[in-house]
Structures are given as structure tokens and as C-alpha cells.
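Q: this one's structure only:
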């Protein structure tokens, strides 16, 4: 299986600021995925990050708000920009390994 | 549009009382159906992947089955430590890697 480490595990941020979340995988993977889980809700895909190319964003998510970097095959970052209280969620990194999909422990973000 | 619906939203069981969780899905070509367990404050923990109708997989007290329209997660003689939210997700042939999740079923097992 793939082991995924996310940093930070949680943060409380002021509105209008930005937070960068890091995701490190213990194996080289082609695609990495960023999901959002709003309070009491299920997971929604934000974007797919491929190494060496621009991230692909899902409907309702834009690069200016959620810029993503993918500098190599084991690492990615997601930035939540110009935060508002509506951005308070759990943000999760995921990878596909063999036929399974694994998730990090998530970053619990609270915007005040 | 790919869609996943889970029922019930919440389920309370007594320890040892077996039951089933349902996951109904519509997808344009199923690549895989995934079951996860999620504990509060943690990321989803992978349980099973099912690929074709008729397939079954088991792990301890859990057994997942798949038809062309739905999947069931059967829990046999549950214990309090099985209390968690169980998530179902599908991956379509045209959406490599992308998972569409249901809302989840929150299971509480009382001793």
C-alpha cells in the first residue's frame, strides 16, 4: 500500500490569508488527487495533479483559489487562497496505487 | 452524470446484530466501486474494491457485494469498534482516478 503524509494536520487561519497544505507519498505515483470534505458532507474532488503538467480542476474549483504544485512524483501542495469561513473543511490528498485508492489523514482547516 | 447514493444515513445496532449498508450507483461504465471506513478526524481507510457484478470480498466481519446497480456492505455480528462512517465511491471508465463519493452511512454499535 501507499503511505501518505499530510502537513499540517490542522490549522486555524484568519480570513483573507492563504494556507499551503503539503502531501508526501512514500512511492512514486503518476496522479495525485486533492479532495475537500465540508462539515457533515462527503468528499468532493477539487483537482487532479499530474507531475509535469497543469492540474485539472473540477467544476466549481478554480486555479486562482486552489493553486496546486506537483514538482515530482512523490510530492504535491494545495494552497487555499484568500480564505473565507466557507473554506473551513477537511482537505485530503489521495493517490491511486495498484487498484486501490489511498488517502492521507487530512488537514482540518478552520477559517475565522 | 455519475452518482452515488448511500442508505441509511445513520444506523444504530446492538453488538452482535448483523445488518447491511446499501450503495446505489449510476455510472457510465464502472471501473471500480470502493468502500472506505472513516473515523472522526481521520482520512478514509480503504476496505474493498469491487469491479464486476457478482463479485464479493470479505474482511473480518465485513463482506462487500456488487450488482449492476448497487453494492452492499454486510456487517456480521458487529462490535463497538466497528462504529464509524462507511463511504462508498465509484470510479468510471472515463474518469481515470476520480472517485465519486456517496454521503456515507454512520454506524453506531452499542455494547
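A: Happy to help now that I have it. Keep in mind it's a predicted model, so treat the numbers as computed, not measured.
Q: from here on, contacts and neighbour counts on C-alpha atoms
A: Will do.
Q: pLDDT value on residue A:47, please?
A: Looking at residue A:47, its pLDDT is 96.
Q: I meant to write residue A:31 there.
A: The predicted local confidence for residue A:31 is 89.
Q: Pull the contacting residues for it.
A: Taking Cα atoms under 8 Å, 6 or more residues apart in numbering or on different chains as the contact definition, residue A:31 lies against A:48, A:49, A:50, A:51, A:95, A:96, B:97.
Q: now do 6 Å
A: The contact partners of residue A:31, by Cα atoms under 6 Å, 6 or more residues apart in numbering or on different chains, come to A:49, A:50.
Q: what pairs with it across the strands?
A: When assigned by DSSP bridges, residue A:31 has beta-bridge partners residue A:50.
Q: And it, how far from residue B:87?
A: With distances taken as Cα to Cα, to the nearest Å, residue A:31 is found 22 Å from residue B:87.
Q: Point out where chain A drops to low pLDDT.
A: Applying pLDDT under 70 to the predicted model, chain A contains no residue that meets it.
Q: And the strands in it?
A: Secondary structure of chain A (DSSP state E): strands located at A:4-7, A:10-13, A:19-25, A:31-37, A:43-50, A:56-57, A:68-72, A:75-80, A:89-97, A:100-103, A:107-111.
Q: for the closest residue to residue B:40 other than its chain neighbours, which residues make a bridge with it?
A: For residue B:40, ignoring the flanking residues on the chain, the nearest one in space by Cα to Cα, 6 or more residues apart in numbering or on different chains is residue B:84 at 7.5 Å. In this entry, residue B:84 is beta-bridged to residue B:107, by DSSP bridges.
Q: how far away is residue B:84 from residue A:55?
A: To residue A:55, residue B:84 is 32 Å away according to Cα to Cα.
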